[in-house]
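> give me a model of this one.
(one chain, ligands or ions: 3)
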Amino acid sequence: MLEIIEGNRVSELDKAFAKSEGMSSWDLMERAAISFFNWFKLHFTNFPNEIFIFCGPGNNGGDGLAVARLLEMDGFKVAVVTFEDVLNCSQDYQINFTKLPLGVKVLVYESLEFDLLKNCICIDAIFGVGVNRPLSGKYLKTINSLNKVNAKKIAIDLPSGIPADTILEGDAFQADFTCTFQFPKLGLLIPEHADFTGKIEVLDIGIPEPFLKSFSQKKYYVQKKDIPSFHRKFNNFSHKGDFGRILLIGGDQGKMGAILLCSRAALRTGSGLVHVFAPWDERLVIQVGAPEVMVVNDFSLSDLGIFDAIGIGPGWGLEVDPNYFEMILQSFNSPVVIDADGLNILSKNPNLLKAIPPNSILTPHIKEFERLAGSFKDQIERLEKAREFSINHKVFLVLKGAFTCITCPDGSQYFNSSGNKYMATAGSGDVLTGMITSFLGQGYDSLSAAICGVFQHGLAGELASVKKRRGMVASDILETIPQTYLNLDIE
Ligand SMILES: NC(=O)C1=CN([C@@H]2O[C@H](COP(=O)(O)OP(=O)(O)OC[C@H]3O[C@@H](n4cnc5c(N)ncnc54)[C@H](O)[C@@H]3O)[C@@H](O)[C@H]2O)[C@@H](O)CC1
Ligand SMILES: Nc1ncnc2c1ncn2[C@@H]1O[C@H](COP(=O)(O)OP(=O)(O)O)[C@@H](O)[C@H]1O
Ligand SMILES: [K+]
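Ligands and ions are numbered 1, 2, ... in the order given. Coordinates of the predicted model:
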């Protein structure tokens with residue numbers, strides 16, 4: 001799994017890796033440029049107009065110059081735009097400057113007519129992880145003008161101005177694509193930077209995962225290739241008991257849809273037996289909507305042990321007696337999943353937190369997390385609070401949103417790469433709760449259940465939205481869960 005490494009350690013990492021491989025820093029830059037070039041060719045073959053590459057004075061600019069050479073030699077029309085005297089630029093920038101083919105036009109930022117950029121491609125290689133202050137002067141002016149131009153815009157490593165690990169102050173390049181090297185920088189995964197990053201592509205430059213481990217800050221990026229290893233294997237003799245018996249608690253007058261979606265999602269994820277405990281008068285909603293589900297009228301707390309996992313909260317309402325909730329939590333000896341109104345009741349009764357079984361999974365969206373843990377000035381602070389919360393309460397916290405972050409009781413954090421904006425639709429979180437509870441019930445440990453649930457939920461959203469776009473609803477997501485197994489080649 002990819003490590004997310006702090007921006008200010010990237011140059012140390014580069015040096016250490018280059019040394020261990022007996023290569024120069026220029027060789028590593030060339031690898032980065034080649035990986036960008038290959039990505040570019042895949043997306044913009046035969047692009048007829050000019051490609052303008054804006055090169056800052058550091059190694060990000062050096063990448064830009066190397067890319068200019070590779071593109072020109074492949075037949076593209078290329079111009080580079082420079083900002084500093086070559087002698088004031090980084091060593092590898094200087095080497096790549098001397099290697100520029102004659103066919104590459106060299107322009108100085110002052111003389112650039114921005115009208116020329118219309119319908120062209122603008123590649124931003126001004127600053128990467130080395131940005132250390134807000135943009136100003138010629139850089140800010142250029143970025144402001146670039147942001148107004150009607151052209152395809154691609155950032156190399158980071159959109160210039162976006163800090164690798166903190167929140168942007170001032171302005172930054174607004175990219176359609178950000179091609180980031182080896183691992184996504186944390187700054188690309190936070191909502192405050194959503195207007196700048198565009199689609200994020202992680203380009204491999206050949207630094208092996210074990211090598212990255214020595215720079216670990218226990219933050220990881222979860223990709224499709226990681227998922228199969230978290231899954232359990234079942235055999236030909238597996239029976240419905242092996243696939244788990246789960247109990248979902250929730251639903252209230254007018255909110256039965258939430259627990260219905262949750263239970264249908266659990267079935268589609270593979271649960272053997274799904275029981276729902278909901279108001280008895282409302283049982284028809286479940287029995288008509290999901291005939292496979294058993295509705296429970298009442299249960300004795302001492303019988304909870306027959307369930308492999310419990311999910312609590314979707315549509316539960318706020319009228320629930322907190323003492324009853326506490327007794328449920330105290331009577332179950334394995335991890336539970338808590339979402340929605342379950343979380344809201346916890347926020348109002350923080351004394352219940354200590355009753356939560358260790359390694360349980362809480363799935364708040366940002367608002368729910370703030371109700372639980374207080375308000376925060378930005379996502380960086382929120383992620384840090386999530387870490388403290390998970391460590392202190394020994395729970396897994398699934399902080400939902402784009403790049404959902406799973407925080408573990410040991411403080412490590414896993415950022416999800418699947419999903420899209422069309423998933424911001426009513427009930428989508430209830431589907432996730434059903435999926436994670438289902439995996440717990442199938443015998444997965446909490447981390448595996450959370451990772452598989454979050455990733456496949458996002459993947460189901462991506463697959464379902466191909467045809468539905470913003471018309472996608474939560475039922476579409478859950479009906480597409482089976483396709484995710486096919487897509488991931490999981491039996
Ligand atoms: N493994 C990797 O991640 C690799 C990284 N490489 C590239 O190297 C980049 C990092 O290079 P550098 O460390 O040289 O950093 P940058 O090229 O991002 O910028 C550093 C330069 O910009 C100046 N600067 C910073 N903020 C400024 C501001 N607001 N206004 C004016 N000047 C400012 C600094 O003083 C310094 O001269 C990466 O982002 C990536 O593009 C690749 O070449 C090789 C592999
Ligand atoms: N822009 C987005 N990109 C990726 N996933 C998203 C995005 N917006 C929402 N989601 C996902 O959709 C789900 C929404 O959950 P939640 O906010 O609890 O919705 P609801 O309360 O309506 O069920 C979460 O899993 C979240 O990660
Ligand atoms: K850049």
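> near ligand 3, which residues of the stretch 151-300 of the chain are found?
Near ligand 3, the residues belonging to the stretch 151-300 of the chain are Ala155, Ile156, Ser160 when assessed by Cβ under 5 Å from the ion. The C-beta positions use only the backbone N, C-alpha and C, and glycine is treated the same way.
> tabulate those residues (TSV), appending neighbour count.
Listed next are those as TSV, based on neighbours: other Cβ atoms under 10 Å:
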residue	neighbour count
Ala155	32
Ile156	30
Ser160	27
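> inside helices: which ones of those?
Per DSSP state H, helices hold no members of those.
> care to break the chain down by domain?
Under the assignment automatic domain parsing, the domains of the chain span 2-217, 228-487.
> got phi/psi on the most far-flung residue of the chain relative to its centre?
In terms of distance from the mean C-alpha position of the chain, Leu102 ranks first, at 41.9 Å (Cα atoms, centre = their mean). Phi and psi for Leu102, reported as degrees, to the nearest 10, are phi -60, psi -30.
> check Cys262 too.
phi -60, psi -40.
> nearest residue to it other than its sequence neighbours?
Gly434 (3.9 Å; Cβ to Cβ, 6 or more residues apart in numbering).
> let me know the closest of the residues of the stretch 151-300 of the chain next to ligand 3 to Thr197.
Ranked by distance to Thr197 (Cβ to Cβ), those are led by Ala155 at 7.8 Å.
> pretty sure that closest one is touching Ala172, no?
No - judged on Cβ atoms under 8 Å, Ala155 makes no contact with Ala172 at a distance of 9.0 Å.
> could you pick out the longest helix of this protein?
In the chain, assigned by DSSP H, the helix with the most residues is helix 446-468.
> now the domains of the chain in TSV, with mean pLDDT?
Listed next are the domains of the chain as TSV, based on pLDDT from 0 to 100:
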stretch	mean pLDDT
domain 2-217	96
domain 228-487	96
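> quick one: name the residues of the protein near ligand 1.
10-11, 14, 28-29, 32, 56-63, 90, 127-133, 135, 139, 156-157, 181-182, 205 (Cβ under 6 Å from any ligand atom).
> ok, and of those residues, which contact ligand 2?
Restricting these to those near ligand 2 - Cβ under 6 Å from any ligand atom - leaves none.
> give me the subset of those residues lying in helices.
Per DSSP H, helices hold the following members of those: Val10, Ser11, Asp14, Leu28, Met29, Ala32, Asn59, Asn60, Gly61, Gly62, Asp63, Tyr139.
> so how do I select the buried members of those residues in PyMOL?
Command for PyMOL that selects the buried part of these, burial taken from 16 or more other Cβ atoms under 10 Å:
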select buried, resi 10+14+28+29+32+59+60+61+62+63+139
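> between which two of the ones in helices among the residues of the chain next to ligand 1 is the distance greatest?
The largest separation in those, counting by Cβ to Cβ, is between Leu28 and Tyr139 at 25.1 Å.
> burial count for the residue of the stretch 1-150 of the chain found nearest ligand 2?
Here the stretch 1-150 of the chain gets closest to ligand 2 at one residue, Ile4, 17.8 Å apart by Cβ to the nearest ligand atom. If you count neighbours by other Cβ atoms under 10 Å, Ile4 ends up with 24.
> quick one, phi/psi of it?
Per degrees, to the nearest 10, the backbone of Ile4 is at phi -100, psi 120.
> what does stretch 103-118 contact?
50, 52, 54, 68-69, 72, 78-83, 100, 138, 142, 145-146, 148-151 (Cβ atoms under 8 Å, 6 or more residues apart in numbering).
> and it, end to end?
21 Å (Cα to Cα, to the nearest Å).
> next up, phi/psi of the residue nearest to Cys262, please.
phi -60, psi -40.
> ok, it to Val222 distance?
20 Å (Cβ to Cβ, to the nearest Å).
> same deal with Pro191?
Counting by Cβ to Cβ, the gap from Pro191 to Val222 is 18 Å.
> compare those two and say which is more crowded by neighbours.
Val222 (23 against 13).
> hmm, Asn416 and the more buried one touching each other?
Yes - the pair Val222 / Asn416 is scored as a contact, 5.3 Å apart, by Cβ under 8 Å.
> need the overlap of contacts for these two.
Ile451, Val454, Phe455.
> burial count for the closest residue to Gly461 other than its chain neighbours?
Distances taken as Cβ to Cβ, 6+ apart place Met423 nearest to Gly461, at 4.0 Å, with adjacent residues excluded. Counted with other Cβ under 10 Å, the neighbours of Met423 add up to 24.
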